[in-house]
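> Quick one, what's the 3D model for this:
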Amino acid sequence: MQPFKPRQTLLRFLIPILAGTASILRAADPAPTPPADPAKQMRAYRDFAMGRDGSPERGRALFNDPARAACVKCHSVDGTSSKAGPDLRAVGDKFPRRELIQAILEPSSTIAVGYGTTVVELKNGDQFEGILKSATDTELDLVGSDGKHVKLATRDIKEQRGATVSLMPEGLHLTMSQPEFTDLIEYLVSLKDPDSALSGSRGMPSFIGEIAKPVPVRPFISEQLRFPHATVQKPGDVRFGLVWFGPLPGVANAFVAGHQTGRIWLIEKSGEQETKTLFADVSKDVFNERGPNGLLSVAFHPKYRENRRYFLKHQVFEGGKIITTVAERLAAPDGRSDSGQPERRIWSVPSTTQDHSGGYIAFGPDGYLYIGMGDTGPQQDPQGHGQDMTLHLAKLLRIDIDHKDPGLEYAIPADNPYAGRKDIRPEIWAAGFREPWRFSFDKLTGDLWVGDVGQDRVEEVSIVRRGENLGWNVHEGFEPFSNKYRREGVQYTPPVFAYRRKFGNSITGGYVYRGDKNSSFYGVYICGDYTSRRIWGIRQEGRQLKSVLQIGTSPQGIASFAEDEQGNLYVVGYEGMVYRLELSETEYSLPANRTPL
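A predicted model of the protein is given here:
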């Protein structure tokens, strides 16, 4: 897979027809009555185009129609740069959707270098304005917004000056309906280099088929054992639910369930018998009053049976700040409950806001502890946490909790990609995440799969390797997002799979199924969406998506997935129920008349 290449910064690019053209634009559908406030007008169009997919085909027709947007008069799209405005051949690679929208909504806010308007006044009083294409001692070549060249003899020029107003008319968006405006944006986004366009279309399919017989998603515990859940009904209410589930090492048919409030339960099942007892109550140590905070993850030491050590990721509130921490606790001698001893804080980092604290910790096959940390906001990562290598925020970290380095409660593994560096935090294993809520390791290959919750447009699933940069907030999925923190020489690794908001808006990473080797699901990565409750199965080869199918639907919001020691997979419902995926009862295949992608 070829990583994303850094590109130059976009300032402003579109120079369609002058105001005269704008006056003849007419929407095919009646344009909505805009709010009186111009700022509200622009916000309405911006929000509409950011939150919905348009039709690139209809957008192309608008672009090329001389009686409509007529962008084709000023812009080539074939790499020739043969017209007045910049060539737009790969504009969808170079510039984020948000900036393309802004270029049309506020065309004069910034002018691209080399494409500022030049105003020429002649000695006879005539005045011309356009884009300066060439200049000699004897002649200027000016291209107007109609695409026509005007050659002016320098001897006839009285004054030549630059203008701060774009040739593109203000308010052009108001001559289109919001859906038409979105179509035009979609066409611009679709203008990509062939290689990246192929990668994006393969990894972000517009259609996801469903298997012929959905996987049964059956309750694993009885309704009597269901865990508590609360939603926000009025200001001041605290939202909480079930967030983690997994096997208890060394105890047959025993599982542990982690609740956002800080309570952890032991579930034991034997045939038709099941019991639920309190494993630990750490609620006094946990802050979960705002945002998706609280107890988020549990990880048992690889040698838990011998040392009884286990680890929690949760938030605390100290000094007026929300702080995400990883803490170590000790189980009782029988390993079936907590010892009651105080927890020991291993690692912590302050949050900027109440959101995007990551959600997961897990031990890798190498025995080291991996920590997923989000950018902590605000929305769109305006401070560039994802690309700031001096911060733990928006990173996947890897630490050794069996040893200590001076001044730390852990050690830095010698083979961490930035071990020994003074300018980069040595705990960093990979960078460029927004909200890596859940990740897991393939039991067979060791591949590290991460589900990263998106911002405006897409959710993404990646296979992450040592030292890689997944791109946030320079990229969101396969699409550019912002150039503010783009750095020359940095390569950005695209995801394996991304999906639009029509399929859901909150990815929950899962597991590669490694249970029954004879199952058609063997080797399939299974994940889902918290909001839409869809469950997908993914096949990949060389980190290229080969197939994605919807294999089922969860009865509850998917807070997490779980894997037991035999490789069986479970869905953790935020509303308090745990479900088992009965993969043996169906096949990973589409109906005969459909294709996977």
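> Only C-alpha atoms from now on, for both contacts and neighbour counts.
Will do.
> Now do the contacts for the residue nearest in space to the middle of the chain.
In the chain, the centroid-proximal residue (C-alpha atoms, centre = their mean) is residue 454; its distance is 2.7 Å. Residue 454 sits next to 434-435, 460, 476-477, 505-507 when contact means C-alpha atoms under 8 Å, 6 or more residues apart in numbering.
> now do residue 93
189, 191-193, 196, 479-480.
> likewise residue 239?
Per C-alpha under 8 Å, 6+ apart, neighbours of residue 239: 229-232, 289.
> try it again with 10 Å
Applying C-alpha atoms under 10 Å, 6 or more residues apart in numbering to residue 239 gives the contacts 229-233, 260-261, 288-293.
> okay if I get those as TSV plus secondary structure, distance to residue 48 and pLDDT?
As requested, those are exported to TSV (DSSP: H, G, I helix; E, B strand; the rest coil; distance: C-alpha to C-alpha, whole Å; pLDDT from 0 to 100):
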residue	secondary structure	distance to residue 48	pLDDT
229	coil	33	90
230	strand	32	87
231	coil	28	77
232	coil	27	66
233	coil	28	67
260	coil	34	96
261	coil	37	96
288	coil	33	90
289	coil	32	84
290	coil	28	77
291	coil	26	73
292	coil	27	85
293	coil	30	92
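> quick one: buried residues of the strand or helix carrying residue 463?
Element membership for residue 463, per DSSP states H and E: strand 458-464. Using 16 or more other C-alpha atoms under 10 Å as the test for burial, strand 458-464 gives 458-464.
> Give the bridge partners for residue 363, please.
Beta-bridge pairing for residue 363 (DSSP bridges): residue 369.
> where exactly do the strands run in the stretch 401-550 of the chain?
Counting by DSSP state E, counting those that start in this stretch, the stretch 401-550 of the chain has strands at residues 428-431, 436-441, 448-452, 458-464, 475-476, 479-480, 497-500, 507-512, 525-529, 534-541, 544-553.
> Return the most buried member of these.
Highest mean neighbour count among those (mean count of other C-alpha atoms under 10 Å): strand 507-512, with a mean of 29.
> Strand partners (parallel or antiparallel) of that one?
By DSSP bridges, strand 507-512 pairs with strand 525-529 (antiparallel).
> Hey, what's the angle from the partner strand to strand 436-441? Just curious.
Using axes from the mean of the first three to the mean of the last three C-alpha atoms, to 10 degrees, the inter-axis angle of strand 525-529 relative to strand 436-441 is 170 degrees.
> Rounded mean pLDDT for strand 525-529, please.
The average pLDDT for strand 525-529 rounds to 98.
> swap in stretch 189-202?
71.
> what's downstream of the helix or strand of the chain with the lowest mean pLDDT, the next helix or strand?
The helix or strand of the chain with the poorest confidence is helix 19-24; it has a mean of 32 (mean pLDDT, DSSP states H and E). Going down the chain from helix 19-24, the next helix or strand is helix 38-51, by DSSP H and E.
> what are the C-alpha coordinates of that following helix, in CSV please?
Output of helix 38-51 as CSV, limited to C-alpha atoms (Å, rounded to 0.1, in the frame of the first residue of the first chain):
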residue,chain,number,x,y,z
PRO,A,38,-25.3,36.0,5.6
ALA,A,39,-23.3,34.1,8.2
LYS,A,40,-26.3,31.8,8.8
GLN,A,41,-26.7,31.4,5.1
MET,A,42,-23.1,30.2,4.7
ARG,A,43,-23.3,28.0,7.8
ALA,A,44,-26.4,26.3,6.4
TYR,A,45,-24.8,25.5,3.1
ARG,A,46,-21.5,24.5,4.8
ASP,A,47,-23.3,22.2,7.2
PHE,A,48,-25.4,20.7,4.5
ALA,A,49,-22.4,19.9,2.3
MET,A,50,-20.3,18.6,5.2
GLY,A,51,-23.1,16.3,6.5
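> does the nearest residue to residue 537 once chain neighbours are set aside have beta-bridge partners, and which?
Sequence neighbours aside, residue 526 is the residue nearest to residue 537 in space, at 4.6 Å (criterion: C-alpha to C-alpha, 6 or more residues apart in numbering). Beta-bridge partners for residue 526, by DSSP bridges, are residue 511, residue 537.
> thought residue 526 was touching residue 512?
Yes. Contact criterion C-alpha atoms under 10 Å: residue 526 and residue 512 qualify, at 6.0 Å.
> which neighbours do those two share?
Contacts common to residue 526 and residue 512, judged by C-alpha under 10 Å, 6+ apart, are 537-539, 569.
> From residue 136, how far out is residue 159?
According to C-alpha to C-alpha, to the nearest Å, residue 159 stands 16 Å off from residue 136.
> What is the burial count for residue 127?
If you count neighbours by other C-alpha atoms under 10 Å, residue 127 ends up with 14.
> Quick check: bridge partners of it?
residue 121.
> ok, it - contacts?
For residue 127, the contacting residues are 119-121, 157-160, by C-alpha under 10 Å, 6+ apart.
> what about residue 179, distance to residue 510?
Taking C-alpha to C-alpha, one finds residue 179 at 35 Å from residue 510.
> any idea which of the strands of the stretch 401-550 of the chain scores lowest on pLDDT?
strand 479-480 (a mean of 88).
> Quick one: residues in contact with it.
Contact partners of strand 479-480, identified using C-alpha under 10 Å, 6+ apart, comprise 4, 92-99, 189-190, 196-197, 200, 457-458, 471-474, 494.
> what lines up beside that strand in the sheet?
Using DSSP bridges, strand 479-480 pairs in its sheet with strand 475-476 (antiparallel).
> what separates the strand it pairs with from the chain centre, distance-wise?
Centroid separation between strand 475-476 and its chain, computed with C-alpha atoms, centre = their mean, to the nearest Å, is 7 Å.
> Tell me which residues are up against it.
4, 95-96, 432-434, 452-460, 470, 481-483, 486, 492-495, 498.
> Then stretch 343-350?
Taking C-alpha under 10 Å, 6+ apart as the rule, stretch 343-350 contacts 282, 285, 310-318, 321-330, 357, 371, 373, 376, 391-393, 399, 401, 408-410.
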